[in-house]
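Visitor: 3D, please:
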Amino acid sequence: MSDRYLSVVQVAELLGTTERFPRRLVAERRIRYVKVGTHVRIPESAVQEYIAANTVEPARARTRSRFRRAV
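Guide: Below you'll find the model as predicted:
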């Protein structure tokens with residue numbers, strides 16, 4: 001159990017968003033979280049998984065042939 005548990009404010013700061021975004025992720029159950037009484041804590045590994053799952057890789061540039069098809 002070496003995972004750090006982050007508050008909503010810390011997650012928002014880590015993602016560079018407002019507090020509303022991580023709260024919405026929790027409300028929509030799009031990220032793992034832990035309820036500690038009335039507090040919501042998000043495991044740091046869950047934030048990393050969320051980032052990895054939603055990372056969009058750049059598209060490869062299409063190579064064009066030097067010669068076009070004759071019509």
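Visitor: What's the separation between the spatially most central residue of the chain and P58?
Guide: Central residue of the chain (CA atoms, centre = their mean): I51, 2.9 Å from the mean position. Per CB to CB, to the nearest Å, I51 is found 16 Å from P58. C-beta coordinates here come from the backbone N, C-alpha and C atoms, glycine included.
Visitor: need the next SSE after the top strand by length along the chain, C-terminal direction.
Guide: Counting by DSSP state E, the longest strand found in the chain is strand 39-43. Where DSSP states H and E defines the elements, the next helix or strand beyond strand 39-43 is helix 44-53.
Visitor: and that next one, what does it pack onto?
Guide: strand 5-6, helix 8-15 (3 or more CB pairs under 8 Å, 6 or more residues apart in numbering; DSSP states H and E).
Visitor: Including mean neighbour count, mean pLDDT and distance to V26, could these go into CSV?
Guide: Formatted as CSV, the helices and strands packed on helix 44-53 follow (neighbours: other CB atoms under 10 Å; pLDDT from 0 to 100; distance: least, CB to CB, whole Å):
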stretch, mean neighbour count, mean pLDDT, distance to V26
strand 5-6, 18, 97, 12
helix 8-15, 16, 97, 8
